[in-house]
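# Got a sequence here, can you model it:
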Amino acid sequence: MCAELLRDPRSVNPCTAATLLFDSKLAAAPMILEMFMRKMVPDPPLDTTQFLQDTLVQSSEYVLCALSVARQSVQLKPTAHSSIVMQAVIHEMEAVQGLVESALMQLQMRSHLPTEPHTLH
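Numbers count the residues shown, from 1 in each chain. Coordinates of the predicted model:
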């Protein structure tokens, strides 16, 4: 077996050669495992509302950090030409912050509303 590994032209390193040989011999293993390991009961549907809420909260935190950095930059050099651009960035990021917070509030309000039963016809 070792001689077989060392003769592998793809690699000089015995460990890499062993990995390549091992992988080539087990290439069909995933297909065999898939046939025997199928689920009988599907997973329940995921509540994507929580994922969306987490994403909006994280986005709000990033916006807050960006605003802090931009404001700090303006405070350090208020007379620099770049401070005008930074003030424009602050204005735009404040608008983004308002939109993200509005979306988060709408999502939270929607999750607290009682769900009405839907007809199937």
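
# Helices of this protein, start to end?
Taking DSSP state H as the criterion, the chain carries its helices at 2-6, 14-25, 29-36, 48-76, 82-112.

# will you turn those helices into a markdown table that also has mean pLDDT and mean neighbour count?
Every C-beta, even on glycine, is put in place using the N, C-alpha and C of the backbone. Output for the helices of the chain, formatted as a markdown table (pLDDT from 0 to 100; neighbours: other C-beta atoms under 10 Å):
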| stretch | mean pLDDT | mean neighbour count |
| --- | --- | --- |
| helix 2-6 | 49 | 11 |
| helix 14-25 | 51 | 13 |
| helix 29-36 | 60 | 9 |
| helix 48-76 | 93 | 14 |
| helix 82-112 | 93 | 14 |
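
# Distance to Pro42 for those - can I get that in CSV?
Shown next, in CSV, are the helices of the chain (distance: least, C-beta to C-beta, whole Å):
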stretch, distance to Pro42
helix 2-6, 43
helix 14-25, 31
helix 29-36, 16
helix 48-76, 16
helix 82-112, 24
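
# how near is the residue lying closest to Leu56 once chain neighbours are set aside to Val63?
Spatial nearest neighbour of Leu56, excluding adjacent residues (C-beta to C-beta, 6 or more residues apart in numbering): Leu104 at 4.5 Å. In this view, Leu104 and Val63 are 11 Å apart by C-beta to C-beta, to the nearest Å.

# residues in contact with stretch 79-98?
Under the contact criterion C-beta atoms under 8 Å, 6 or more residues apart in numbering, stretch 79-98 has outside partners Ser60, Val63, Leu64, Ala66, Leu67, Ala70, Arg71, Ser73, Val74, Lys77.
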